[in-house]
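*Asks:* dropping a prediction and its sequence here:
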Amino acid sequence: MAQPIPQLDFVTAVKLAIARIKDMEGRSRRSEFWWTMLALFIVNIILAFIPFGWILSLILWVCTIPLQCRRLHDIGKGNTMIYIYSGVYVVTLILSKYQSYLAEKAWKSLDFSAASTHDSLVIPMIIVGLAALVLGIILLIWFVKDSQPGMNQYGPSPKYPDFQ
């Protein structure tokens, strides 16, 4: 078996991910993916203390979709799961923000219609949340997998370039 190229360091991985921010083609190694996710995690912690930081966080997450697709390409999977998960994620985010708005409105003005609407969203939130959890676990398992050696339908392996 061919020798793998050593993993990327933090700075190189993040630079590579930024350079390929719109590239949905090809493959990305685990080190590129996980170092970039660590950088985004740190940025998201900072954004949590900024008003409307969740909007910037959402934008950053959308910018990682090509990286996630390339990571799935590296193990021989397609993009479909990312698109499904992205839709569920956005629906969850919108429902939770709307539910927070209704709860605040009901609390401040004692508006019982807002409280009733808030309560009627509990079951859909649970269903969407469970779907996001299951899809997220599947994606996590796939993201942790090692690169598929050699060539696959998405191009040559960035980790095992000499594999036959």
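*Replies:* Happy to help now that I have it. Every value quoted in this text rests on a predicted model; they were computed, and no experiment measured them.
*Asks:* confirm residue 157 sits in a helix?
*Replies:* No. Membership of residue 157 in a helix is not supported by DSSP: H, G, I helix; E, B strand; the rest coil, which gives coil.
*Asks:* that one and residue 37, how far apart?
*Replies:* Using CB to CB, to the nearest Å, residue 157 is found at 21 Å from residue 37. All C-beta spots, glycine's among them, are computed from the backbone N, C-alpha and C.
*Asks:* what's the answer for residue 19, then?
*Replies:* Going from residue 19 to residue 37 by CB to CB gives 17 Å.
*Asks:* quick check: phi and psi at the residue nearest the centre of the chain.
*Replies:* Against the mean C-alpha coordinate of the chain, by CA atoms, centre = their mean, the closest residue is residue 61 at 5.8 Å. Taking degrees, to the nearest 10, you get phi -60, psi -40 for the backbone angles of residue 61.
*Asks:* between residue 19 and residue 37, which has more neighbouring residues?
*Replies:* Comparing residue 19 with residue 37 by other CB atoms under 10 Å, the one with more neighbours is residue 37, at 18 against 9.
*Asks:* now do the same contact list for that one.
*Replies:* residue 64 (CB atoms under 8 Å, 6 or more residues apart in numbering).
*Asks:* that one in helix, strand or coil?
*Replies:* Residue 37 is classified as helix under three-state DSSP.
*Asks:* need the helices for the protein, in chain order.
*Replies:* For the chain, the helices defined by DSSP state H occupy 10-19, 30-47, 53-63, 65-74, 80-109, 112-120, 122-144.
*Asks:* can I get the CA coordinates of the second one in PDB?
*Replies:* It stands for helix 30-47. The C-alpha trace of helix 30-47 is given here as PDB (Å, rounded to 0.1, in the frame of the first residue of the first chain):
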ATOM      1  CA  ARG A  30      -9.800  14.800   7.000                       C
ATOM      2  CA  SER A  31      -7.100  17.100   8.200                       C
ATOM      3  CA  GLU A  32      -8.300  20.000   5.900                       C
ATOM      4  CA  PHE A  33     -11.900  19.400   7.000                       C
ATOM      5  CA  TRP A  34     -11.400  19.000  10.800                       C
ATOM      6  CA  TRP A  35      -8.800  21.900  11.200                       C
ATOM      7  CA  THR A  36     -11.200  24.200   9.300                       C
ATOM      8  CA  MET A  37     -14.100  23.000  11.500                       C
ATOM      9  CA  LEU A  38     -12.000  23.800  14.600                       C
ATOM     10  CA  ALA A  39     -11.300  27.300  13.300                       C
ATOM     11  CA  LEU A  40     -15.000  27.900  12.600                       C
ATOM     12  CA  PHE A  41     -15.900  26.600  16.100                       C
ATOM     13  CA  ILE A  42     -13.600  29.100  17.700                       C
ATOM     14  CA  VAL A  43     -15.000  31.900  15.500                       C
ATOM     15  CA  ASN A  44     -18.500  30.800  16.400                       C
ATOM     16  CA  ILE A  45     -17.700  31.100  20.100                       C
ATOM     17  CA  ILE A  46     -16.700  34.700  19.500                       C
ATOM     18  CA  LEU A  47     -19.800  35.400  17.400                       C
END
